[in-house]
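Sharing a sequence plus its predicted fold:
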Amino acid sequence: MKRLALALVSAVAVFGCAATATGGRSGAESGSPTVSAATPSPSSSTAAPSPTAAGQTIDIGGRELYLECLGTGSPTVILEAGLTGDHRTWEQVQPSLAASTRVCAYDRANIPPSDPGPNPRSAQDAVDDLHALLDEAGVEAPYVLVGFSIGGLISQLYAASYPDEVSGLVLVESSHPREAEQFEEHLTADQITEDRAATLDNPEGFDPFASFEEVQAAGALPEVPLVVVTAGISEGWPPGWDAELFDRLRAEQQADLATLIPGGRQVVAERSAHHVPSQQPEVIIEAVESVLAAAR
């Protein structure tokens, strides 16, 4: 079992240990239910995935990022994977959504087949890269951003940075901007040191802690349709952590995300642990379709 960092980034190697919306229903442990991001997810691997006919690499200024778009229509849905996850995170989501609009998934820097980027990286680096990628690829706004785990944090920062480009948000088991500080209030100094070290030791070179601070400083989100998708099954917590307490904190954070925009709402993927994109993709599809309908 991983550390806090593993818990927040966990099962998909993306920040966000799943807790129930009501807090406290434990499910079978996946072996990586905590906060570190070092564990590859079901949607990432050590080998680079083979590009598909719909995929292309786009030069964003001396580096190339892999982009895969399906379908036609507007708004365009932009899919943001979790920590160390690649575009395959969305293989059960993207084709269904592409029946009604354009849907694009991509791989961040340091996630093959995208090129490496300078480390450490943060949410701001990811936002800068994504903005350049969409511009260079000619993917026009408006966008509905769909972010999973740490990808939810990146999506929040993109929306706050480019509010005129965003017409909707779906946050799937998303990181909360204040989750680290709220969790660390209930950990010992040794636990914090261990968890931070484990979290920062990820192959993407991503620093979630710097990213939390960036999102906190970014200001309000645009008033667009928002749906927060929360897992219904807890992945558990590391030995020595108060599982009931941390399930409750996580549930409160998920509920709070839905208040970031007036009219935001939360739905629960009752049969899913953290990796909702593979365990209950239909919940995400329905959430995105509802946001698209409201945004059009």
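Nice, thanks for sending it over. Numbering: from 1, shown residues only.

any idea which element I284 lies in?
Here I284 is covered by helix 281-295, with elements defined by DSSP states H and E.

tell me the mean pLDDT over that helix?
What helix 281-295 shows for mean pLDDT is 98.

ditto for stretch 220-229
Rounded mean pLDDT across stretch 220-229 is 98.

what do you get for stretch 78-94?
If you average the pLDDT over stretch 78-94, you get 98.

now the end-to-end length of that stretch.
10 Å (Cα to Cα, to the nearest Å).

list the buried ones in that stretch?
Using 16 or more other Cβ atoms under 10 Å as the test for burial, stretch 78-94 gives 78-90, 92-94. Bear in mind the C-beta positions are built from the backbone N, C-alpha and C, glycine included.

bridging residues for L171?
G147, V228 (DSSP bridges).

distance of it from T230?
Going from L171 to T230 by Cβ to Cβ, to the nearest Å gives 9 Å.

In terms of neighbours, single out the busier of those two.
Taking neighbours as other Cβ atoms under 10 Å, L171 and T230 compare with L171 leading, 31 against 28.

And the strands in the stretch 51-200 of the chain?
Shown for the stretch 51-200 of the chain, the strands assigned by DSSP state E, counting those that start in this stretch span residues 55-59, 64-70, 76-80, 103-107, 143-148, 166-172.

Nearest to A198 among these would be which one?
strand 143-148 (20.3 Å; Cβ to Cβ).

how far is the closest one from where the chain is centred?
9 Å (Cα atoms, centre = their mean, to the nearest Å).

Output it in PDB with nothing but the alpha carbons.
This file holds the C-alpha atoms of strand 143-148, laid out as PDB (Å, rounded to 0.1, in the frame of the first residue of the first chain):
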ATOM      1  CA  TYR A 143     -13.900  23.000 -24.400                       C
ATOM      2  CA  VAL A 144     -15.600  20.800 -21.900                       C
ATOM      3  CA  LEU A 145     -12.700  19.700 -19.600                       C
ATOM      4  CA  VAL A 146     -12.900  16.200 -18.100                       C
ATOM      5  CA  GLY A 147     -10.100  15.600 -15.500                       C
ATOM      6  CA  PHE A 148      -9.400  12.400 -13.600                       C
END
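
wouldn't A287 be in contact with V227 here?
Yes: using Cβ atoms under 8 Å, A287 makes contact with V227 at a distance of 4.2 Å.
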